[in-house]
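**Q** Got a sequence here, can you model it:
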Amino acid sequence: MLLVAVTVTSCDIFSLDDGYDGKLTREGDYFYMIDRVPADLIMLDTQLNELERWNLYEAVGDSSLQGLTFDGELLWVSSAGSSNSISQISLYGDSVQVVNQFPSPPNGAGVIRDLAWDGTHLWAINSGSRSLGIPPRIYQLSPESGQILEEFDVPTAEPRAFTYIPPNTDPYGRSAPEGFYYGDRGTDLFHYMSRDRKMFDVVFDAPEPPESSFRIFPTGITHELNENAGIYFWTVNSSLESDYLFRLDREGRVLDRFELPYSSPGAIVLIDMDVRDAPEPIVESVLPNRALPGDELMVTLNGQFFREEGDGQISVDMGAGISIEQVFVESDERLEVRIQIDEAAAQGSRDITVTNADGTQATFTDMFRVVENLPSTLLRIGWSTNYLYQTFTDDGTGAREWSTDVVATAGSPQGVAFDGENVWLSAASDDRRIYQIDLDGPVLSEISSIPAPYPQGSGTVRDMTWHDGYLWVINSADQAVYQVNPSNGSIQQTVPTETDDPRSVVFVDDVMYTTDRESRSVYRHEYNIVTDSWTTEEAFRVPPPPGGGTDQTRPTGIAWDGEAFWINNAFSRASDLDYTMRVSTEGELLEAYISPRAGEDLLNGLEYLPAEDEQ
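**A** The predicted structure follows:
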């Protein structure tokens, strides 16, 4: 997290132009606006008095701010210049904190003119680059990584101001359609893109400043919902000292106009939060989210805004029957909490309350459970994020997760297997090894390792399974399964898969099954002792993931729970179609759980760990 000192200045109240009603209706809200050239972020109350100003040049690493949006907790800004980036910033305390930052799409090219937030994802509008051959586009982004999830060409050449309007209705039809709105400096119009249909339309003219129509230049747009559930638009115009803030009705008619005393005002948001206030802590997930009476264990709280600053210490309360032994602050996004559950603790859900050292506090309902028995779990490899996830099979929620980077340092984890006592992890890229790993504790550790099977000297080792005292490992380019001695990595047997893109392997009794990503099928391989050979036949086609079609089916990992298969689907990081599906032996979809980091991850290896009463 980058910390930069804050510069605070002041400015006179905005002046109201003659002939317009200057009454503002949303007391207690705040405008935040970009002044582009000096790289200033300005905070105004709803009477348009300047409350504070921050220069963001040093924090974001650029001299030209462009876009601005708010995600419910923090502000995001885009910048154009040397870094050409998008930054999530916190303005609490005495410094500007860059919480997250990634290159502007695509790959830092073009200029991201403005940003929008739809409640889940970040959106960015890029005015394009003729020299680089990049057309103007709207991008849907993962707010965690900046990965492009979807992109849409816009029908105009000079898009600028951009915002998202959430669902808004009233009984008299004074609402505006939900979707994305952007202003274009070339058409002098505001355009609309439907969120569902991704079609564009013109909604209203950009307001004309008093100087002339040649000074129309929309650089910012936001909205407010009035007391009757109708909607107002607020737009910024900035062109050769024609710098104004306009309030418009839902049809684009000008209601108010205010002159802006800034050099290059741009993107703007209107929100009901003073971003200088200390944010409350947020708990987003708990790993594991359940345990047994009498258990002593370490629980991970993932979230935001965990702060040690203040007179006290961070404290955690998990309800009756659970003692908090120790709280370790790993970062402002993760707490490690050692807990002791009483033997007599009642079964059921518990709320979790986190209190920061500065006294800010928040409670999160039904985040942890005391249960009679723990279910079986799945181990899933997230290839894109280099994570190993352990999730419960009854509802797909998290038990634990670990970064694999500390073991497989080349960053290409592929497969996972369980030998009844220990877990094994296969890794490709420059590692080309299979690691026996220890899952005790918050960080993975290596017990031992052996070479992965690369008899041709090339290819990619994928998933694996344990059977009859050996590891059975897929090499997809070799189109083979290798029987590997776990003590030294020597290859005992080679089984051709007779498929184009094999990804994973599992045994059901002595019958071997593999998935093929290209044909979207599961294959059955059976050894014939008379001919000393293997036969291969298609067992079934893998069903599509929920919300997807046949062409979005890409099976990778496979496991067997004694009654049915579990199969990972890894279609694309630019989608939410990464699922682990439970599938019958006839290929019927029984249930499905989405990837822990859907939309940014690709699931690879998969293993089933039976519950204690099954072992």
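
**Q** Against Arg524, how distant is Ser458?
**A** Note on Ser458: its distance to Arg524, by C-beta to C-beta, to the nearest Å, is 28 Å. From N, CA and C alone the C-beta is placed, and that goes for glycine too.

**Q** of those two, who's got more company?
**A** Each of Ser458 and Arg524 has its neighbours counted (other C-beta atoms under 10 Å); Arg524 has more, 16 against 9.

**Q** Leaving out chain neighbours, which residue sits closest to the more buried one?
**A** Nearest residue to Arg524 in three dimensions, chain neighbours excluded: Ala539, at 4.3 Å (C-beta to C-beta, 6 or more residues apart in numbering).

**Q** what sits against the one you found?
**A** Applying C-beta atoms under 8 Å, 6 or more residues apart in numbering to Ala539 gives the contacts 513, 521-524, 585, 587.

**Q** Give me the ChimeraX select line for these, limited to the buried ones.
**A** Applying 16 or more other C-beta atoms under 10 Å to the contacts of Ala539, the buried members can be selected in ChimeraX as follows:
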select :513,521,522,523,524,587
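
**Q** Restricted to helices, list the contacts of Ala539.
**A** With helices taken from DSSP state H, there is no overlap with those.

**Q** Now tabulate the contacts of Ala539 in CSV and tack on pLDDT and distance to Gln390.
**A** Output for these, formatted as CSV (pLDDT from 0 to 100; distance: C-beta to C-beta, whole Å):
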residue, pLDDT, distance to Gln390
Tyr513, 98, 23
Ser521, 97, 28
Val522, 97, 24
Tyr523, 98, 28
Arg524, 97, 28
Thr585, 96, 25
Gly587, 96, 27
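
**Q** Among the contacts of Ala539, name the ones in strands.
**A** Using DSSP state E, the subset of those located in strands is 513, 521-524.

**Q** just those residues now: which is nearest Arg197?
**A** In terms of C-beta to C-beta, no member of the ones in strands among the contacts of Ala539 lies closer to Arg197 than Ser521, at 34.1 Å.

**Q** number of nearby residues for Thr355?
**A** 18.

**Q** Now distance to Ile339 too, for the contacts of Ala539, in CSV please.
**A** Shown next, in CSV, are these (distance: C-beta to C-beta, whole Å):
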residue, distance to Ile339
Tyr513, 40
Ser521, 45
Val522, 41
Tyr523, 45
Arg524, 46
Thr585, 41
Gly587, 42
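
**Q** and which of the contacts of Ala539 is nearest Gly547?
**A** Gly587 (18.4 Å).

**Q** Neighbours of the closest residue in space to that closest one that isn't next to it in sequence, how many?
**A** Nearest residue to Gly587 in three dimensions, chain neighbours excluded: Phe540, at 3.1 Å (C-beta to C-beta, 6+ apart). Residues near Phe540, counting by other C-beta under 10 Å, number 17.

**Q** Just confirm Phe540 is within a strand.
**A** Yes: per DSSP: H, G, I helix; E, B strand; the rest coil, Phe540 lies within a strand segment.

**Q** Let me see the confidence value for it.
**A** Here, the pLDDT recorded for Phe540 equals 97.

**Q** partner residues bridging it?
**A** Taking DSSP bridges as the rule, Phe540 bridges to Val522.

**Q** tell me the contacts of it?
**A** Counting by C-beta under 8 Å, 6+ apart, Phe540 touches 521-522, 583, 585-587.

**Q** Just name the closest of those to Gln326, please.
**A** Val583 (42.4 Å).

**Q** thought the closest one was touching Asn568?
**A** No: taking C-beta atoms under 8 Å as the definition, Val583 is not a contact partner of Asn568, at 10.9 Å.

**Q** Output the ones in strands among the contacts of Ala539 as CSV; include the columns distance to Asn107.
**A** Below are the ones in strands among the contacts of Ala539 laid out as CSV (distance: C-beta to C-beta, whole Å):
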residue, distance to Asn107
Tyr513, 40
Ser521, 35
Val522, 37
Tyr523, 38
Arg524, 44
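
**Q** Sort out which one of those residues lies nearest Asp205 for me.
**A** Lowest distance from Asp205 to the ones in strands among the contacts of Ala539 (C-beta to C-beta) belongs to Ser521, with 56.0 Å.

**Q** For the nearest residue to Val111 once chain neighbours are set aside, grab phi and psi.
**A** Nearest-residue entry for Val111: Ala80, 4.5 Å, with adjacent residues in sequence omitted and distances by C-beta to C-beta, 6+ apart. Phi and psi for Ala80, reported as degrees, to the nearest 10, are phi -120, psi 130.

**Q** that older thread, could the contacts of Phe540 go into JSON lines alongside distance to Ser504?
**A** JSON lines is the format used below for the contacts of Phe540 (distance: C-beta to C-beta, whole Å):
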{"residue": "Ser521", "distance to Ser504": "12"}
{"residue": "Val522", "distance to Ser504": "9"}
{"residue": "Val583", "distance to Ser504": "13"}
{"residue": "Thr585", "distance to Ser504": "16"}
{"residue": "Glu586", "distance to Ser504": "19"}
{"residue": "Gly587", "distance to Ser504": "16"}
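
**Q** backbone phi and psi for Gln552, please?
**A** Here is the backbone geometry of Gln552 (degrees, to the nearest 10): phi -110, psi 20.

**Q** What distance do you get for it to Phe571?
**A** For Gln552, the distance to Phe571 (C-beta to C-beta) stands at 5 Å.

**Q** now do Trp123
**A** The gap separating Trp123 from Phe571 is 22 Å, by C-beta to C-beta.

**Q** count of residues packed around Ser504?
**A** 31.

**Q** ok, now which ones touch it?
**A** Contacts of Ser504 (C-beta under 8 Å, 6+ apart): 415, 462-463, 465, 474, 514-515, 555-558, 568, 605-606.

**Q** Looking at those, which two lie furthest apart in space?
**A** So for those, where distance means C-beta to C-beta, the most widely separated pair is Thr465 and Pro555, at 14.8 Å.

**Q** the helices in the protein, which residues?
**A** 57-60.

**Q** so what are the domain limits for it?
**A** Here the domain assignment for the chain is 2-271, 282-314+322-362, 378-614, based on automatic domain parsing.

**Q** Comparing those domains, which yields the minimum mean pLDDT?
**A** Among the domains of the chain, domain 2-271 carries the lowest mean pLDDT (a mean of 86).

**Q** For that domain, what is the distance to the chain centroid?
**A** 22 Å (C-alpha atoms, centre = their mean, to the nearest Å).

**Q** Distance of the residue of the chain positioned farthest from its centre relative to Val495?
**A** Most distant from the centre of the chain: Val530, at 53.1 Å, with distances by C-alpha atoms, centre = their mean. Val530 sits 17 Å away from Val495, going by C-beta to C-beta.

**Q** do Ala559 as well
**A** 19 Å.

**Q** Of those two, which one has the most company?
**A** Just comparing Ala559 and Val495: by other C-beta under 10 Å the higher neighbour count belongs to Ala559, 26 against 19.

**Q** Noted, bye for now.
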